[in-house]
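Enquirer: Prediction below, plus the sequence it came from.
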Amino acid sequence: MISENNNLKELWEIHTFGTSFTKGGGFEFRNNPLLKEFYKNYRVPKIQFNFSWPGQLQEILHEDFKKTKVFNHAESGYGHEKTIRDCHKIILENKDNLHDKLFILEFGGFGRKDHHINELGYIISNYHFESKNNDFLFVVDDDDEDVKVVTHGIAKKYHEDDEELKNKIKNIEPIISNFNSETIEFKTAQNQMGIEICNFVGFLNTLGVNYLISSAPFMSYEHSVHFSKLWKGKRVIYTTQDGDKDFDMYGFLFKSKLRIEDETNGLIKDGHGGYKGNKEIAKQIYEKMQENYSFPSHDKKNEI
């Protein structure tokens, strides 16, 4: 529902940040012939942005004759560290011109660690935990025994790195893998993640930056309880067709059967949001934005 408040802040730019779920993960058309075949009749250019929820949000704005531009900074595999870093860059470059910009933040889950390599810049390593009774964990419980860290992926940009870059990363892979295994411990890393996210959100609040959180941050119960007031009113709450509420876009997509796997009837085994799922995510985020923001419009008579 569109708010009737005439004092809404007008947005000219929307900047989205996050993981593959914001990037448009699963819609790497050049790497998957099955995608091209299944979606061949969809009347939209087969570009990942167009199938992501930020791309769907841009389409909704266009359909409403809005001039607001959506910029998608998300990258597959990355998490809260890149989101914070990229936001800082935009804030510093636009410190006197932030009033017309909105940041939409997906901080991502566990198992993501950024590394700055002098020759390559930032790369991402993705890891999981292995225990005595389970060989793939993202959350470690107190009763898990013989816990180890296993690095299962390293890239600068997944699905985009060329062979030369992949070979350079392969050469340093043992160093990164060993570093992760020697320095990452579940509770310590979870606590640090909570501290960094809460500090960053407090920073945004202090500067008066416009932002929304598109999916519940992964942090300890203690951090969630004590710091939830920091982002009060800023979190998107998704509603399923059955009326269930969910702070988590991944849970919403799963419960609503709106993943690529659901959309393709199991033809493509992928848990990312499907075209219809990302469209629904964009729709509900747009509705949330309309509570506090307005958007500059084209003159419809001149546009038609």
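Expert: Sure, I can see it.

Enquirer: mind listing what's buried in stretch 225-243?
Expert: Across stretch 225-243, burial judged by 16 or more other Cβ atoms under 10 Å covers 227, 231, 234-236, 238. C-beta coordinates here come from the backbone N, C-alpha and C atoms, glycine included.

Enquirer: cool, stretch 36-53 as well?
Expert: 38-39, 48, 50-53.

Enquirer: Show the contacting residues for residue 221.
Expert: By Cβ atoms under 8 Å, 6 or more residues apart in numbering, no residues touch residue 221.

Enquirer: Could you do residue 178 as well?
Expert: Counting by Cβ under 8 Å, 6+ apart, residue 178 has no contacts.

Enquirer: what's the helix or strand for it?
Expert: Assigned by DSSP states H and E, residue 178 belongs to helix 163-183.

Enquirer: now the following helix or strand past that helix, how far from the centre of its chain.
Expert: Sequence-wise, the next helix or strand downstream of helix 163-183 (DSSP H and E) is helix 186-207. Put simply, helix 186-207 sits 16 Å off its chain's centre (Cα atoms, centre = their mean, to the nearest Å).

Enquirer: so helix 186-207 versus helix 163-183, what angle?
Expert: 110 degrees (axes from the mean of the first three to the mean of the last three Cα atoms, to 10 degrees).

Enquirer: Which member of the buried residues of stretch 36-53 is positioned nearest residue 160?
Expert: Distances from residue 160 to the buried residues of stretch 36-53, taken as Cβ to Cβ, are shortest for residue 48 (10.2 Å).

Enquirer: Show only the entries of the buried residues of stretch 225-243 found in strands.
Expert: Residues of the buried residues of stretch 225-243 located in strands (DSSP state E): residue 238.

Enquirer: Quick one: residues contacting residue 29.
Expert: Here residue 29 is in contact with 35-36, 39, 46-48 (Cβ under 8 Å, 6+ apart).

Enquirer: Reformat these as TSV; add pLDDT.
Expert: Formatted as TSV, those follow (pLDDT from 0 to 100):
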residue	pLDDT
35	92
36	90
39	94
46	94
47	94
48	96
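
Enquirer: how about JSON lines for the residues you listed, with secondary structure and distance to residue 7 added?
Expert: Supplementary listing: the contacts of residue 29 in JSON lines, determined by DSSP: H, G, I helix; E, B strand; the rest coil; distance: Cβ to Cβ, whole Å:
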{"residue": "35", "secondary structure": "helix", "distance to residue 7": "44"}
{"residue": "36", "secondary structure": "helix", "distance to residue 7": "47"}
{"residue": "39", "secondary structure": "coil", "distance to residue 7": "42"}
{"residue": "46", "secondary structure": "coil", "distance to residue 7": "41"}
{"residue": "47", "secondary structure": "coil", "distance to residue 7": "37"}
{"residue": "48", "secondary structure": "helix", "distance to residue 7": "37"}
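
Enquirer: Closest to residue 132 out of those residues?
Expert: residue 35 (38.8 Å).

Enquirer: How about the contacts made by the closest one?
Expert: With Cβ under 8 Å, 6+ apart, residue 35 has these contacts: 26-29, 46, 268.

Enquirer: May I have the phi/psi pair for residue 119?
Expert: The phi and psi values for residue 119, taken as degrees, to the nearest 10, are phi -80, psi -30.

Enquirer: about what we covered before: farthest pair in the contacts of residue 35?
Expert: 46 and 268 (14.1 Å).

Enquirer: In strands only, show me the buried residues of stretch 36-53.
Expert: Those of these lying in strands (DSSP E): none at all.

Enquirer: Dump those residues to TSV, plus distance to residue 209.
Expert: Below are the buried residues of stretch 36-53 laid out as TSV (distance: Cβ to Cβ, whole Å):
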residue	distance to residue 209
38	39
39	36
48	27
50	28
51	28
52	23
53	21
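
Enquirer: Looking at those, which is nearest residue 275?
Expert: Nearest to residue 275 among the buried residues of stretch 36-53, with distances taken as Cβ to Cβ, is residue 51, at 5.5 Å.

Enquirer: Let's see the pLDDT reported for the residue found closest to the closest one once you drop the neighbours it is linked to in the chain.
Expert: Nearest residue to residue 51 in three dimensions, chain neighbours excluded: residue 27, at 4.0 Å (Cβ to Cβ, 6 or more residues apart in numbering). We note a pLDDT of 97 for residue 27 in this prediction.

Enquirer: Next: residue 95.
Expert: pLDDT, residue 95: 86.

Enquirer: ok, now residue 282?
Expert: Value for residue 282, per-residue pLDDT: 98.
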